[in-house]
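[1] Provided below for reference: sequence and predicted model.
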Amino acid sequence: MRTFIGAIVSLAQGFYTTFQFFFQKKPTIAYPSIKKQHAPRFHGLHELRRYADGKERCIGCELCAIACPANAITVIGAENTPEDRRSPGERYAARYEIDELRCIFCGLCEEACPTDAIVLTPRFEMSDYRRGSFIYAKDRLLVPPEAGVGTSPDERPNGIPSDLGSVLAQKSTVDIASGYSATWRGELLKTDRKGLAG
Amino acid sequence: MPVSKVLTRGIGQVDLRDLKVYRRRGGYRQWKRVITELQPAEVVDLVSKSNLRGRGGAGFPTGRKWGFLPNNGRPRYMVCNSDEAEPGTFKDRMLIEETPHQVIEGMLIGAYAIGAKQAFIYIRGEFKRGYEVFTKALADARDAGLIGEQLFGTEHGVEITIHRGAGAYICGEETALLNSLEGKRGEPRLKPPFPAIKGLYDEPTVVNNVETLAFLPYILKNGPEWFAQIGPPKSPGLKVVSVSGHVKKPGNFEVALGTTLRKLLALAGGPRDGRKIIAVQPGGGSSACLFEEHLDLSYDFDTMAANGTMLGSGAVVFFDDTTDFVKAAHALVRFFAHESCGQCTPCREGGHWLEVTLERILHGGGLDSDIDMLVAVARQLTGINLCPLGDSIEPFLASVVKRFESQFRGYVRKRAIAV
Amino acid sequence: MPLWLFVVIKSALVLFVVVTTFAYAMLAERKVLAWMQLRPGPNRVGPWGLLQPAADAAKMLFKEDLTPATADSLIYRLAPWISMITAMGVFAVIPFSESSSGLWSIGDVNAGILFVFSLTSLGVYGISLAGWSSGSKFPLLGSLRSTAQMISYELAMTLSVVGVLILAGTTSLAGIVHAQNKLWFVIPQFLGFIIYVITAVAETNRAPFDLVEAETELVGGFHTEYSGLRFGLFFIAEYLNMITVSCIATLLFFGGWNPLFGLSVIPGIVWFVLKVGFVIFIYIWLRATLPRLRYDRLMAFGWQVLLPLATLNLMATAAIVAWKG
Amino acid sequence: MNGAPKEVTLTIDGTQLTVPEGTLLVEAAKRIKTDIPVYCYHPKLGPAGLCRICLVDVEKTPKLQIACNTTVGEGMVVHTYGPKVEDGRRAVLEFLLLNHPLDCPICDKGGECDLQDYSIAYGQGASRLADPKEIKPKAIDLGPTIVLDDERCIVCQRCTRFDEIITLEQSLVVKDRGQRDVIATATGTPYVSMFSGNVTELCPVGALTSKTYRFKSRPWDLNRSLTTCVQCSAGCAINVDERHGEVLRTMSVPGDDAVSEGWLCDRGRYNVGFYSDPRRLTSPLLRRDGEWVQLGWEDAIDLWARTLHEAVDSAGPKSLAALGGGRLTNEEAYLIGHVFRALGCENIDWRTGRQRQASPGPRGGTYADVESAQAIVLVGVPPAQTTPIMSLRIRKAVSQRGARMILVGDYALPIRVAHERVARPRDLASLDLDRYERIAFFWDGIDPRVGSELNEFAEGLAEGRKIFTYVTGETPNARGAEGMGLVPRSGGRDSVGMLAAARDGNLRSLAIFAANPVLHMPGGADSVRGAIENVPFVVTTELFMTPTAERSTLVLPARGPFEKSGHTFDVTGAVRVLRPGVAAPTGTLSDLEILIALASALGVDVPGPAALHRQAALHAPWVARGFGDPALFAEGELKAPRAGAKATGLRLVIAADLFSGGGTVYHDDRLGELRPLATAALSEHTAAVAEVHDGYLVDIVAAEGTLRGLVVRVAPNHVDGTVTILEGLPDAPASAFEGGQTVALANVRAARVPVGVA
């Protein structure tokens, strides 16, 4: 009998819990219109950097490929010729491909890279409809020559990289409607609406 | 019968290059006696008794060296090493240029003693005059029937061939010399096998210094006992010493081993006026420095070795109190680094490293840690090389850094002020 | 207006209302579930996601319709229609309200409750045949479960309702509603009501009794192989069934269109809709709260708990009615 | 000296072991699996004592000893670790790394580099060098195959010693001295050697790299398989390193002492690019009205089988013929004979080139026997150009044991070693060979008259002589083909006879397996081409559209040696195993699969795989009776010596080159620099008499016609009064000419054609 009552009570508790949530405010961030702030060292889409003179940093050494725990990276090296000099040394990556579907964004490639060529940028929006399009080759990984050198991993050990700073500066990480803001740690902070407005 | 000078007697007074003059003074008599009266073993025995130690640098007893040759019926070779290139040494050059016949007679006797029918003399490439003098002397001796086959009516004969070096210090090392003689790249061979077993053209070979061989006629003439009683018993005999450096009258002086360094300094006219000798390098560029408190040491193989240096080829260089030992060390290290054959890693890389570091110190870029590093690296590259060249870098450098550390630190401090 | 035309117009009207209700019941379920799970729910299509059902319907229609090579083609195509038509057929007898002009229903059948139960029992054929004819193992397992589950719970469900029938003394749905003018049967038949709610959940294959399509174990169960429109038909059938049982619950236990607190100014149909909506909300609430049962527990619960309880309830009701005369 | 070698007992790191007297410490340590690092030491090159990394502490010696040059001694106590040893090693490693660039990520050796490994195992973390590293030249082009990175060189001299001790070529030297020393050729000319690739393997760091592999891959990417090289008949074991379906490099097999001793020739090593060449055939092609039409495999095999049946029905089995070449495994060779004999066809032969015999007879020797020979007689084309690895054994016999080298004929030796020369085998009688106990005879297998003369001489030697005979012909696995029965029997025609029959219109169908007779058959390309075109149905299995395939009716895309499994015989008759090392292109079938398909279409039973392998791995059932075995040569084939066309001309010598040929080498672009020009090689004296110079263009006028536009090469080692041309060049059809005839130089043009390498 006691267990019967206990069962009824716990059942009631369960119903109460769901019923309670029914009326609570929802922490959901309306993602594409409101973007969540991510960690300063967030690991997103890769980028192959250049030197200031425009030469590729990647020397095709394949250390990233061997370091990759998901076997997502394929590199095939080739030799620079005086006529076609891609990187400062003798060797450059003729092919450099990352299968972003395999990638677990652990950043070991970045750790392994002897020339700081491969870095994980904070970019993370790369959805697509075709599997094939997730194999990123040099045409999409390499920073375009006119776009500068790329993000240095050193720029963001403790602080916030420049482009992330701008993300942070936006108040849009706070969902005004819900009155909650989500920090990059995923904590929910009850925000004073007045404070925000002020 | 004390004889104070044998090898240098007559130099500057008579023309010993002239065969007639040399023969008139008793030359080639011992050669004739050896070939006609003595068995090779007897000659070896006599030389062993004299306790003659090699004058080339290592000071190895000559008689024992000859005894290493295997009795295998193969042809043997006698090689006279006249590739004298040790910094501070110039005695062989004098012997070749002034008394070539003395050397030829010594070579003939030595070759006969070891049973070689062919002897080679390897003359340093820069000794152009020596080469010319020696070539002429050799031709004269050949014309006189002293060299060739079936000499003095016997079955025996010795042929001598001259080979000129091409300017590599390393070819003074006996196996490098043999390589060079064979027409190969002049770099030391891996030992074992030693030249006595597998030398020139892979046959048993003896390599002796010019001075060592030049003593042979006199030892035979005066008897081994005469030679053995000069100087200390374990390193007896006379020695031509090249004295140079901060002295008034540098030159070659033939003295009995056991003479003090101070006596040698006096022979060379003493220090320059108003100056004091503070260091002396007693055995050529590869020997460690001795200092003013050591000037009364007896100059012989064992005493020098006991004091952490060596007699070497007998090149004594005196330094007075004006010396910049950083520059001196740099000059010597640069010499060895430049002359390294490049085979052994420590000598090739370590020597170059020391040279580069010393150059930086000299040019005011020295770091405080450099000085300890110099000593440490010098010690590390020593003792693990194939030939002695690599081991020659450390002694002088280490001894002067230890003694004159302030001079080295001075250079480093200069930089600190400049910065 | 001839009778047949009148019936056709009524049927079309009811069909329209029912389908719309289905669509928004689905949206409501998603919304309610989301809110109970601290989510906003569908909110992209139209204001507050109100056009979401239309988007879903469009999607469903344009999806490719697949028939597995190993399927029994005819039955495979037929099964969803069985499910849907039986689910829709029930609405032929359900009275939504009553006005001076008569009963608001397509047909006033005096054995309406029997018609309802017989039709809903046919609905299981759709599911069983779908699973069997798919020629695939998960659907087959799903259909087997469905058959066993339906048989187990239908008994208890029917027994739970018989109490109401005894009290009302009629099998006409309108009659049952009239019988509750004074007192809703939920009070005298509380046990029957509880049994009815539980068995109705099981009958409609909804959580926590959705073992028939248990996604986590059976990958969708009987409708694993279905896609496109045919899948949509099952979907419609499920929701229609849910509405049906909610309507029945309202009619049998909550007094149908009888107003609450004597507020007869508000038309009966509004009361009816409110009551049905309340029951549907309870269904969704159940789904948001309770985890799925283990299969053997489900069966044991049906046979060992619900059936004896329903029998007990029936016997008690019969005894009381007989005693009171 | 007799009896077992004396054993000594010593202790290494506390482990007592007994080894033969004279063993080096580094080898003794290997027995107890103790790692002593080495750079300059190599088991095949011996100690050099240069790198000083192998320092060990031997008790009772004051200084550290180098393990590579210290022989074991009784009661010796050795420590390979401990503070003293580790200090020494650390110092040496620091010295080695002083000016060595830390570009391991770029370096091709990275991942398999001794310097890297030992630095991690024994080195110290950081260098104390405060000055910038020395800048030295990088990417020095040493020759057609090798590139030197001087910064990475640690002067271990393995390469120069290999060149001096093993190949006896002595072209690589260390130039300059001290820190400035650099590996170079003594004369500054390109480093050309047919064994050059080995130095890249010997190099313990990434200083010497192969042009074909530079920056292509990293060692950990490569999938390695062990197989057998079938570029010549030597049969070296070879490691195939593949990535993404492409053979990136090949490596020698260190334990292969029976054959290669761990060396590879450059052809075996570098001629692997063709496997992934886009010109590979990948679909059966049928020539219909002069156009090539793609065909499915089943249709192609059916068409072939139908044609064979029709030919047998209408003109009898004598109208069929089958030729098999060198790429075939024993299994395939056996099946050719099996299938065609089942049809009643006896026109079967493997001899599609100049080589006419492959098995040496009952006195065949092993590789090790060559080393022990006291006299070595080379008859015809020297093994250096046909089986290079065999020539290394000959060089070893000459350099290490002072074997006497005798050449018969006009062929030039590629290296300078002391040798004597006689004109014909019968002249050997004047050389007093009877005084040697062990004599090795090498014959190129081309001229049966020379062969039988040599055989006669060898048999005439006194009793008790150990005679080793070898046929080092040009055709790979010719011995397997001959042993497996690819020779005409009971009245069948040989290859020359087949072509004659074809010319007469007596052949209805000809099958050519893995052979290119148009390029190599005596008689010349035009004549062979004409004969083939006269056959109504010619099937060729090939990797590429060769000159022979171009003239065929049906071309079937076959697989290369690294793409199939099977067995072969090496030149000494030992069985070698082929294993697939790289995936074959889609659409190709191995000759074995083609033959099995054909047999099944013909209704011929074939033995099962087990029976087939047993057959193929057995020693040849047929053994020649000796050089020039008459059983192999049809009567009509022995041609009478041609009367000299011009009394005052030069004798024509037709030699082979390692990189000649029209198939695989021709279709590998990476080998462009190595492919020989069409040259006319003359000795200095002959050139002076003929008034031609290096790089001139000449024509050679012979009885068969004129060979135009040959580049004059004045080279040492050539016999005065001869001119040597190369066989197997698609653009200079030397096969039309007969060697030994007198020819004249004509139309001398002083055009200085840059002579690359030859």
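    Cool, got the structure. Small disclaimer: the values here were computed from a predicted structure and weren't measured.
[2] okay, CA-based contacts and neighbour counts for the rest of this
    Noted.
[3] Next, the contact list for the residue in the stretch 201-325 of chain C positioned nearest to chain D, please.
    Closest contact between the stretch 201-325 of chain C and chain D, by C-alpha to the nearest C-alpha, is at residue C:225 (36.3 Å). By C-alpha atoms under 8 Å, 6 or more residues apart in numbering or on different chains, the residues touching residue C:225 are C:66, C:67, C:68, C:134, C:136, C:139.
[4] Which one (most neighbours) among those residues?
    Counting neighbours by other C-alpha atoms under 10 Å in any protein chain shown, residue C:139 leads those with 29 neighbours.
[5] That one and residue C:72: what is the separation?
    According to C-alpha to C-alpha, to the nearest Å, residue C:139 and residue C:72 sit 13 Å apart.
[6] And residue C:241, by the same measure?
    Per C-alpha to C-alpha, residue C:241 is found 26 Å from residue C:72.
[7] Which one's more surrounded, these two?
    Neighbour count, other C-alpha under 10 Å: between residue C:241 and residue C:72, residue C:241 has more, with 26 against 16.
[8] quick check, distance from the helix or strand that contains that one to the centre of its chain.
    Following DSSP states H and E, one finds residue C:241 within helix C:228-253. Using C-alpha atoms, centre = their mean, to the nearest Å, the mean C-alpha position of helix C:228-253 is found 4 Å from that of the whole chain.
[9] immediately after that helix, which helix or strand?
    Assigned by DSSP H and E, the successor of helix C:228-253 is helix C:268-289.
[10] Quick one: list the elements packing against the helix holding residue C:241.
    Judged by 3 or more C-alpha pairs under 8 Å, 6 or more residues apart in numbering or on different chains; DSSP states H and E, the packing partners of helix C:228-253 are helix C:3-36, helix C:52-62, helix C:73-89, helix C:137-168, helix C:173-179, helix C:190-203, helix C:268-289.
[11] how about the ones you listed in TSV, adding mean pLDDT?
    Below are the helices and strands packed on helix C:228-253 laid out as TSV (pLDDT from 0 to 100):
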stretch	mean pLDDT
helix C:3-36	85
helix C:52-62	86
helix C:73-89	86
helix C:137-168	84
helix C:173-179	80
helix C:190-203	86
helix C:268-289	86
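[12] Out of the ones you listed, which is closest to residue B:353?
    For the helices and strands packed on helix C:228-253, proximity to residue B:353 was assessed by C-alpha to C-alpha; helix C:3-36 is nearest, at 74.0 Å.
[13] on contacts alone, who are the packing partners of that closest one?
    Helix C:3-36 is packed against helix A:2-23, helix C:52-62, helix C:228-253, helix C:268-289, with contacts defined by 3+ C-alpha pairs under 8 Å, 6+ apart.
[14] For the second one, list every residue counted as buried.
    In this case it means helix C:52-62. The neighbour-count check on helix C:52-62 (16 or more other C-alpha atoms under 10 Å in any protein chain shown) flags C:52, C:53, C:60, C:61 as buried.
[15] Turn these into CSV, including distance to chain B.
    Output for the buried residues of helix C:52-62, formatted as CSV (distance: C-alpha to the nearest C-alpha, whole Å):
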residue, distance to chain B
C:52, 77
C:53, 80
C:60, 78
C:61, 80
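[16] Distance check, residue D:125 against chain B.
    Shown here: residue D:125 relative to chain B, a distance of 16 Å by C-alpha to the nearest C-alpha, to the nearest Å.
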